[in-house]
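**Q** Model the structure of this input:
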Amino acid sequence: MSGPAAGANPTVHYSLFSRVLAVVWIVVAVLLLADLFLRGQGPEIRLYGAVLVASVALVYLVWLRPRIVVTERGLRVINPLRETFVPWAAVRWVDVVDVLRVHTTDGVVRSWPLRETKRARVRDNLRREGGFMDGPDEEDPREMRPMDRAALQLRQDAERHKARPLAGPIRDIDEAGPAALGAEDRPQTMVSVEVVVIAGAVAVLVAAALLLA
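**A** Okay, here's the model as predicted:
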């Protein structure tokens, strides 16, 4: 699934199914929390509440947060724990096997949330990857599988941005994400501060609930 075009509102590729599941669970968790505090009794309320809050944080990190963002400077490949910034100059190819992959000058960056869900297609992709099948014929983008269409769009984005590269170092976090700061022409990976803050807050909350239960 993709969002708006790159520019002021960058294109965002994500798993629509995962996001729907995440929203459904968050709604359920909020209702359970409300019922727990309205009707629950005893010290176990804190522990159950902490577990529900922890589940919402986990769902956010695993299902809501992961995505690929197209920026003027390169690709932000955001996975549950880590974020990799790939400058356009480092993008060599984008394809799909079981997940969408960005081939770079330093290796392959895998997008955890963008997955091919059709098993037969995954098997064909693996055979093709191993050299046991010929490459696919050129397809009409309107008839492509969603992940193949996303890979095609990212390849086209890379060609377009390479033709008109932006000069100068990246100094603004809003321009291409935190992993891009200081990056030049090679991919750069970091554990997001957001992940550290959320994981730390949840750990403190659960620990406090266990001590008070």
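**Q** What mean pLDDT does the longest helix anywhere in the chain get?
**A** Assignment by DSSP state H gives helix 16-39 as the longest helix of the chain. Helix 16-39 shows a mean pLDDT of 93.
**Q** What residues sit buried inside it?
**A** Buried residues in helix 16-39, counted by 16 or more other Cβ atoms under 10 Å: 18, 19, 22, 25, 26, 29, 33. Placement of C-beta: from N, CA and C, glycine included.
**Q** Show me the shaky parts of the protein.
**A** Within the chain, the stretches with pLDDT under 70 are 1-9, 41-42, 130-140, 213.
**Q** Helices of this protein, residue ranges please.
**A** Along the chain, the segments classed as helices by DSSP H run 16-39, 44-59, 119-129, 146-163, 173-176, 193-212.
**Q** List the contacts of the shortest one.
**A** If I follow you right, that is helix 173-176. 71, 72, 73, 74, 76, 85, 170, 180, 181 (Cβ atoms under 8 Å, 6 or more residues apart in numbering).
**Q** again, 7 Å this time
**A** Contact partners of helix 173-176, identified using Cβ atoms under 7 Å, 6 or more residues apart in numbering, comprise 71, 73, 74, 76, 85, 170, 181.
**Q** now swap in the first one and tell me
**A** Defining contact as Cβ under 7 Å, 6+ apart, one finds that helix 16-39 is touched by 1, 45, 48, 49, 52, 55, 56, 59, 60, 63, 64, 113.
**Q** quick check: angle from it to helix 146-163?
**A** Orientation of helix 16-39 against helix 146-163 (axes from the mean of the first three to the mean of the last three Cα atoms, to 10 degrees) gives an angle of 110 degrees.
**Q** that older thread, now distance to residue 143 and neighbour count too, for the contacts of helix 173-176, in CSV please.
**A** As requested, the contacts of helix 173-176 are arranged in CSV below (distance: Cβ to Cβ, whole Å; neighbours: other Cβ atoms under 10 Å):
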residue, distance to residue 143, neighbour count
71, 29, 23
73, 32, 22
74, 29, 31
76, 29, 21
85, 32, 28
170, 37, 22
181, 40, 16
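**Q** Output those residues as a markdown table; include the columns distance to residue 156.
**A** Below are the contacts of helix 173-176 laid out as a markdown table (distance: Cβ to Cβ, whole Å):
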| residue | distance to residue 156 |
| --- | --- |
| 71 | 15 |
| 73 | 17 |
| 74 | 15 |
| 76 | 17 |
| 85 | 20 |
| 170 | 22 |
| 181 | 27 |
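**Q** Now flag whichever of these is closest to residue 95.
**A** Nearest to residue 95 out of these is residue 74 (Cβ to Cβ; 17.7 Å).
**Q** For beta bridges, what are the partners of the closest one?
**A** Counting by DSSP bridges, residue 74 forms beta bridges with residue 87.
**Q** hang on, the earlier thing: how about the contacts of helix 16-39, which pair is most distant?
**A** By the measure Cβ to Cβ, 1 and 45 form the most distant pair in the contacts of helix 16-39, at 38.0 Å.
**Q** Please identify which of the two sits among more neighbours.
**A** Remark: of residue 1 and residue 45, residue 45 carries more neighbours, 17 against 14, as counted by other Cβ atoms under 10 Å.
**Q** what's the closest non-adjacent residue to the more buried one?
**A** Spatial nearest neighbour of residue 45, excluding adjacent residues (Cβ to Cβ, 6 or more residues apart in numbering): residue 36 at 6.0 Å.
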